[in-house]
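# sequence and predicted structure are below.
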Amino acid sequence: MSSSKMRVFRLVTALSAASAMAAIAFIPTWTFVDPSVKARKTTVSTVTLVCEVAPHARAAELTVVAQGAGKNAIQIAGFPRPSLWKVSGEQRFSLKVSPRTQFVSLHVDQSAVNTAQAVMTTRDVSRLNRGVASQSCAPTTTQWWFAGAAGTLGRDDVLVLSNPERTATVVNVEFITDHGIMTPAAAQGVVVPATGQRSIRINNLVPGRSAVAVHVTTTGGRIHAGVFVRASYGRFPVGSEWLTATSTDGTIVPFVGDTPKLSMVFAAPEGAASVKILALGRSGQFAPAGLPAFAVAAGHARVVKIPDVSVNASALLISSTAPVVAGYAGGVSIQRPQSVQDVATASAVVPSKSDQTLAIGTYPRGRVAVIAAGPNAGASGVLIVATNGTVQRVPYAVPPGGSERIQLTRSASNVYIHASPDNGSGAYVLFVATRGVTGNARDAAGVTASVRSSSVVLRAVVQVP
């Protein structure tokens, strides 16, 4: 085919795709990116990142960060009706996504695989300023863990399985509950169609179970999985959020503020575990009052009530004699006590010594970045906060077993943060609490303010074989 005919063919193909594009609408907003942000390079092959649009969403937005990307390094597709957007160079932007879209995939080539990040933000009951849910895009893989689900009255949790590949994938799901391991027949041999999605309502399979961990495995191929939590009180919605994927290696759990009745789910899939929890505060770690070590039976899950330590701490440290998975979904007040509620979730994540980048969607209230250091060594470096045309460079120094809160710009959109650790810095976890974290947080100028929280943005723990 001649070059001129090829150009005509591509143009006709693009126009045909555009005319058929009803499931997803991309409206890019281009903004400044700090050229000094360069993640340390490693040799990694291409990767496919996926994030889902929350069920019953009224609005959805995909925020993408691409640093040092080559030509057409990121190709974004929306399903079930395919549409395409290509990303090159150093930029970040937001894409308005139709709520009818099931999920979005980002195919990232080697030039951007270490730096590309994206987050899907959806709104449910937006008129009440709640129901804001976020999910960081993660690679497709063969195994997923989630902790903090439930099948009780007032919870309508949904396991969402998305397959961006051109071949179907078969999935088995087991639930570790307060009554032991459950493998309902309806959750075995689940076929996720090519470029399609399947949803499983958890309360239909494990009704009445208050402590649920979800383990998803494939018999071949890779998928993306998510657990969407919707809470209600009678007919009135309380809020919604995605559980973040976790693993048995996760040790640090972001602690969302203003949750005085926080209950965390712990599951021991391999053997009986004795678990101890420490709080990570600004001056270091300490034991929460009234929370002794506790046991989790082998093959069981249990709910543990966590004392409210959010005034002095922003994360929890888990130590256990056997592998456990941990996470929570709890109600928080986003205006004042006993008023408008929302749902916040967080899961145990693995500390890392390398650079970390988080894309952050648009939220109606303030945001706080939190850096939590592991127990053995402090974490220090520079946190780069990029907003529309503005870049802040905030140094941080967190003691071993400590945490530091940094207030982000209240009204900025298309935000990303990038932590660049010093040489010799210890392992740390980076996350963002939207609408803040109860207690004092300093901004770049050192000014403190009292803020609240209802959502956490952090990277999922995903092991890609």
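Ah, there it is.
# just the helices from the protein, written as ranges.
3-19, 202-205 (DSSP state H).
# can you flag the weakest of those by average pLDDT?
Mean pLDDT across these is lowest at helix 3-19; the value there is a mean of 38.
# okay, now the unreliable bits of the stretch 101-250 of the chain?
Along the stretch 101-250 of the chain, segments meeting pLDDT under 70 span 111, 125-131.
# and the gap between Q143 and V216?
Remark: distance between Q143 and V216 (CB to CB, to the nearest Å) = 7 Å. In short, each C-beta sits where N, CA and C put it, glycine included.
# just want to know which of these two has more residues nearby.
For Q143 and V216, the more surrounded residue by other CB atoms under 10 Å is V216, and the numbers stand at 25 against 17.
# ok, that one - contacts?
Applying CB atoms under 8 Å, 6 or more residues apart in numbering to V216 gives the contacts Q143, W144, W145, F146, L159, L161, V171, N172, V173, I223, A225.
# what about the third one, how many neighbours?
I take that to be W145. Using other CB under 10 Å, W145 has 28 other residues around it.
# any idea what it is bridged to?
H215, T246 (DSSP bridges).
# now do the fifth one
For L159, the beta-bridge partners under DSSP bridges are I200, V227.
# give me the beta-bridge partners of V190?
Taking DSSP bridges, one obtains V171 as the residues bridged to V190.
# so V415 is in contact with L408, correct?
Yes - the pair V415 / L408 is scored as a contact, 6.5 Å apart, by CB atoms under 8 Å.
# anything in contact with each of these two?
By CB under 8 Å, 6+ apart, the residues touching both V415 and L408 are I360, R367, V385.
# export these to TSV and tack on distance to T195 and pLDDT?
Putting these into TSV (distance: CB to CB, whole Å; pLDDT from 0 to 100) gives the following:
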residue	distance to T195	pLDDT
I360	28	82
R367	34	74
V385	36	85
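# among those, which one sits closest to S199?
Nearest to S199 among these: I360, at 26.6 Å, using CB to CB.
# about what we covered before: quick one: which of the shared contacts of V415 and L408 is nearest A194?
The shortest approach to A194 among these belongs to I360, at 32.0 Å (CB to CB).
# list the contacts for that closest one?
Counting by CB under 8 Å, 6+ apart, I360 makes contact with T63, V119, R367, L408, V415, Y416, I417, V432, T434, V457.
# excluding its backbone neighbours, what's nearest it?
Closest residue in space to I360, ignoring its immediate chain neighbours: V415 at 4.3 Å, by CB to CB, 6 or more residues apart in numbering.
# before we move on, what about L383?
Excluding its sequence neighbours, the residue lying closest to L383 (CB to CB, 6+ apart) is V394, at 4.7 Å.
# next, count neighbours for the one you found.
The burial count for V394: 21, using other CB under 10 Å.
# check what pLDDT it gets.
At V394, pLDDT is 91.
# was I right to think it contacts A386?
No - in this structure V394 lies outside contact range of A386 using CB under 8 Å: 11.7 Å.
# re earlier: in JSON lines, list the contacts of V216 along with distance to G401.
Below are the contacts of V216 laid out as JSON lines (distance: CB to CB, whole Å):
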{"residue": "Q143", "distance to G401": "30"}
{"residue": "W144", "distance to G401": "29"}
{"residue": "W145", "distance to G401": "25"}
{"residue": "F146", "distance to G401": "26"}
{"residue": "L159", "distance to G401": "34"}
{"residue": "L161", "distance to G401": "37"}
{"residue": "V171", "distance to G401": "38"}
{"residue": "N172", "distance to G401": "38"}
{"residue": "V173", "distance to G401": "36"}
{"residue": "I223", "distance to G401": "36"}
{"residue": "A225", "distance to G401": "32"}
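# ok, those vs Q285, which is closest?
W145 (24.8 Å).
# what sits against that closest one?
Neighbouring residues of W145 by CB under 8 Å, 6+ apart: A213, V214, H215, V216, A245, T246, S247, T248, V325, V461.
# re the thing from before, and which of the contacts of V216 is nearest P421?
W145 (26.4 Å).
# from F79, how far off is the closest one?
Distance of W145 to F79, given as CB to CB: 24 Å.
# could you do K86 as well?
17 Å.
# those two: who's more crowded?
Set K86 next to F79 and count neighbours by other CB under 10 Å: F79 wins out with 22 against 12.
# so that one touches V104, yeah?
Yes - shown here, F79 and V104 form a contact pair, counting by CB under 8 Å, at 7.4 Å.
# between those two, what contacts are shared?
What both F79 and V104 touch, as defined by CB under 8 Å, 6+ apart, is an empty set.
# pick the one among the shared contacts of V415 and L408 closest to R92.
The closest of those to R92 turns out to be I360 (CB to CB; 10.1 Å).
# residues touching the closest residue to V108 other than its chain neighbours, list them.
Excluding its sequence neighbours, the residue lying closest to V108 (CB to CB, 6+ apart) is A116, at 4.7 Å. Applying CB under 8 Å, 6+ apart, we find A116 in contact with L49, V64, V65, A66, Q67, A69, A73, I74, L106, V108.
# about what we covered before: can you put the contacts of I360 in TSV and add neighbour count and distance to N204?
Rendered in TSV, the data for the contacts of I360 read as follows (neighbours: other CB atoms under 10 Å; distance: CB to CB, whole Å):
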residue	neighbour count	distance to N204
T63	27	33
V119	23	29
R367	27	36
L408	25	39
V415	26	38
Y416	25	38
I417	28	39
V432	27	33
T434	28	31
V457	27	29
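# understood, closing this out.
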